[in-house]
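Q: Below are the sequence and a predicted model for it; my questions follow.
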Amino acid sequence: MQIRIPPLLPPYIVLALVITYAVGSLWLGLARIDAITQLTDAAAENAATAKDLNDLLAAVNDIENAGRGYALTADESYLEPFERGRRRVPALLSELRDKMRDDKVELALIEDLVSLIAERTTITVTGIERKRNAPDKPYTMTFGRRGKESAEEIRKIVATLEAREQDELSQLRQTLAKALDEARGDLYLMAGVTMLLVISLFLAVRRLRSFIHMPIIAGAGREPETAPTPASGNGAEIGTLLNDALLRARLAAASASADPDANRRQHSLVRAVEQALAAQSTAQEHEGAEHESPGVVDAMFALAHAYSTPGGLTIKTTIDRKIRVEDSQKAFLVLRSAEWALEAITLRKRTGEVTLSLNSGDGRIALHVQALTDNPRPTLTLSPNEAEEANALRQGTLALAGALVVDEGPTGFSLTLAIPA
């Protein structure tokens, strides 16, 4: 059992890959953004915690320095920073407790700070009250070394907490830098995948387009190459090939060098092809009327019919049925010129009308094929093979005292052939 792959399957696969890639890149991008946002928020929170610790230490220093200054000088101006520091401490401790609630070690240190700051504040308030009640007495330390020890413990705990916050902040910055590098790598990867998908889409569209127009191309390109009409048989094919070979041999002999040996070889080749063509014509005459090769008019109608396709090109013919061409070389040039023009047109035009006319008058036979291109903007240019074939037909026409003109312009394509009747 043979499995046939539908021609439209690759475009659907590419479309599915594009949709999958779009969803995956969106999810990956959002995940990267969420990770970077979380790291940025955490770093900002650590920086804010470090600032609160510095503010708390500054408030404790204000309380300590204001209490010592007032105890020594009894200056009321020291009471303002004391009160300001004492008001700020509870709010700062509450904020720090909320920020460090998830870390048991840091939360325990905050609780130690609460008791130590309360003790240090009590010592300072006691000193202020003693100085206020006895302003003339000298300053004495009521709690001895305990006041200095509590202040040192407070600074030590604050320094420990600040170091922990700085370590966490450094780790967050390293993680953020790594996340940014990964996001940058993802961008490079997605750019590469995008280019591959664009190329795949281009190839898929080309495949889809060729699939849609396949009947038109196949119907217009193959039938004229095999035979102008089914009645011609293999003999007509052989005759066409021999006429083409004779045309090219004569052109080669006409343009041969001055070398006598080369000239003899070329003329010997021309005579051999002429003999083969005569033998083929004689053999075809003996086959019977039912296998007789069609005339130029019938062959031209068959050629126009072969290139006309439903929904594609329409060959509009204007042919004089009274035309008779006895010379096989002239008949070959007329048919081959028309076939060459239709082949060139089908490569440049998908649908529409093509005019083909074959008339006679004033002792000459005139062939004219013309068509407008589907897209008039780009200028038509013959391929090297087409130009070579057109040049061979032109040289063969000139050898028979005729003329062949091919016009390729921005709006259309035309061929005009005129040879003696």
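A: Arrived safely.
Q: okay, now Glu326: neighbour count?
A: Residue crowding around Glu326 was assessed by other CB atoms under 10 Å; the count is 9. All C-beta atoms are positioned from the backbone trio N, CA, C, and that covers glycine.
Q: and the gap between Thr20 and Gly85?
A: Thr20 sits at a distance of 62 Å from Gly85 (criterion: CB to CB, to the nearest Å).
Q: typo on my end, Ile345
A: With distances taken as CB to CB, Ile345 is found 97 Å from Gly85.
Q: quick one, helices of this protein?
A: With DSSP state H as the definition, the chain shows helices at residue ranges 9-73, 79-99, 104-133, 146-212, 214-221, 223-226, 233-254, 260-286, 296-307, 328-346, 384-399.
Q: for those helices, which one sits closest to Thr373?
A: Closest to Thr373 of these is helix 328-346 (CB to CB; 8.7 Å).
Q: ok so, going back, in JSON lines, list the helices of the chain along with mean neighbour count, mean pLDDT and distance to Gln370.
A: Formatted as JSON lines, the entries for these read as follows, by neighbours: other CB atoms under 10 Å; pLDDT from 0 to 100; distance: least, CB to CB, whole Å:
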{"stretch": "helix 9-73", "mean neighbour count": "16", "mean pLDDT": "84", "distance to Gln370": "36"}
{"stretch": "helix 79-99", "mean neighbour count": "16", "mean pLDDT": "87", "distance to Gln370": "86"}
{"stretch": "helix 104-133", "mean neighbour count": "17", "mean pLDDT": "83", "distance to Gln370": "91"}
{"stretch": "helix 146-212", "mean neighbour count": "14", "mean pLDDT": "81", "distance to Gln370": "26"}
{"stretch": "helix 214-221", "mean neighbour count": "16", "mean pLDDT": "39", "distance to Gln370": "17"}
{"stretch": "helix 223-226", "mean neighbour count": "14", "mean pLDDT": "38", "distance to Gln370": "18"}
{"stretch": "helix 233-254", "mean neighbour count": "18", "mean pLDDT": "62", "distance to Gln370": "24"}
{"stretch": "helix 260-286", "mean neighbour count": "14", "mean pLDDT": "64", "distance to Gln370": "32"}
{"stretch": "helix 296-307", "mean neighbour count": "20", "mean pLDDT": "84", "distance to Gln370": "13"}
{"stretch": "helix 328-346", "mean neighbour count": "22", "mean pLDDT": "83", "distance to Gln370": "9"}
{"stretch": "helix 384-399", "mean neighbour count": "16", "mean pLDDT": "82", "distance to Gln370": "15"}
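Q: Turn those into JSON lines, columns for distance to Asp362.
A: Putting the helices of the chain into JSON lines (distance: least, CB to CB, whole Å) gives the following:
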{"stretch": "helix 9-73", "distance to Asp362": "57"}
{"stretch": "helix 79-99", "distance to Asp362": "107"}
{"stretch": "helix 104-133", "distance to Asp362": "112"}
{"stretch": "helix 146-212", "distance to Asp362": "46"}
{"stretch": "helix 214-221", "distance to Asp362": "34"}
{"stretch": "helix 223-226", "distance to Asp362": "30"}
{"stretch": "helix 233-254", "distance to Asp362": "25"}
{"stretch": "helix 260-286", "distance to Asp362": "29"}
{"stretch": "helix 296-307", "distance to Asp362": "18"}
{"stretch": "helix 328-346", "distance to Asp362": "16"}
{"stretch": "helix 384-399", "distance to Asp362": "17"}
